[in-house]
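>>> need a 3D model of the sequence below.
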Amino acid sequence: MITSDEHEMSCRSGRRHEELSSCPQLTFWGAFADAEPVMVGLTTHPRKVPMSRRRLVLASAAGLLALTLTAGACSSGDSTSSSNTTDSTTVPAGAADPNAAEVNPPGDIPDNQAFVTYTPPAGGYHVDVPEGWARTENGGAVTFTDKLNSVQMETTNTSAAPTVASAEADEVPAIATAAESYEAGKVEAVTRTAGDAVLITYRADGSPDPVTRKVTHLDVERYEFWKDGTEVILTLSGPQGADNVDPWKIVTDSFGWQ
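The predicted structure follows:
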């Protein structure tokens, strides 16, 4: 025999079943391929979900959240890496840029400069000079020039070989008087292929440019070679700061007596 209370509970259960059957449902797939889909109502569950299924649903949701966070972290990491890479190639202020094109100071003689041998009509010596340079003669001096550089040879007769002492006493004062904006350098004995020589270095203004009238301050090297009463003065000049060490050594080492 059914009591009134049991009858009322049965009616309530039937009505709730009808309500639930009409509710929209969502399907959540677990984190594993072989997991059984779980039907979950928007407002309540049509049936009690076992504890293992609940954990599966939570694991799936947690997995999606983890994937989202991981993707964001990777994207942020890539952006940071890209930013770091860009920053690593930035040249600090004041530092030399290794990718910049090389710019030589005015007066630098090219590394591929060719040389030809010059011998004066009267003979006596020979020397290699840069090919293509303009040649001028004035008395006993011959000069080869190109833009701001020059090579000059002058022959004189003298009974004694020059020394450092004689150069400091005689040549240096004469040079200081004749040169414009003279700056003293050094006087020393050197050895070249042709033998011993006296080297006088100094700085002075060159001749004004015939067009612009601009004056260039020059580095000057004056070599004095001597043999059997004949002195050959070999003078090399170029703009102050120009790197002509190697070309000038080629010229001075090429000097030889005949």
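
>>> quick one: contacts for D128?
F115, V116, T117, Y118, I250, V251, S254 (C-beta atoms under 8 Å, 6 or more residues apart in numbering). Every residue, glycine included, has its C-beta placed from N, CA and C.

>>> name the nearest residue to it, sequence neighbours excluded.
Distances taken as C-beta to C-beta, 6 or more residues apart in numbering place S254 nearest to D128, at 3.6 Å, with adjacent residues excluded.

>>> ok but G132 is inside a helix, no?
No: going by DSSP: H, G, I helix; E, B strand; the rest coil, the assignment for G132 is coil, not a helix.

>>> for the closest residue to it other than its chain neighbours, give me its contacts.
Leaving out its chain neighbours, the residue that sits closest to G132 by C-beta to C-beta, 6+ apart is D146, at 7.1 Å. D146 is in contact with P130, G132, W133, A134, counting by C-beta under 8 Å, 6+ apart.

>>> can we see that at 7 Å?
Residues in contact with D146, defined by C-beta atoms under 7 Å, 6 or more residues apart in numbering, are P130, W133, A134.

>>> for Q152, same thing?
Contacts of Q152 were listed using C-beta under 7 Å, 6+ apart, and they are A141, T143, T235.

>>> report how many residues lie close to the last one.
I take that to be T235. For T235, the count of nearby residues is 17 (other C-beta atoms under 10 Å).

>>> same question, A141
Counted with other C-beta under 10 Å, residues neighbouring A141 total 14.

>>> shift numbering so it begins at 480
With the count now opening at 480, the last piece we talked about shows up as A620.

>>> so it makes contact with T634?
No: A620 is not in contact with T634 according to C-beta atoms under 7 Å; the separation is 8.2 Å.

>>> burial count for H605?
Residues lying near H605 (other C-beta under 10 Å) number 15.
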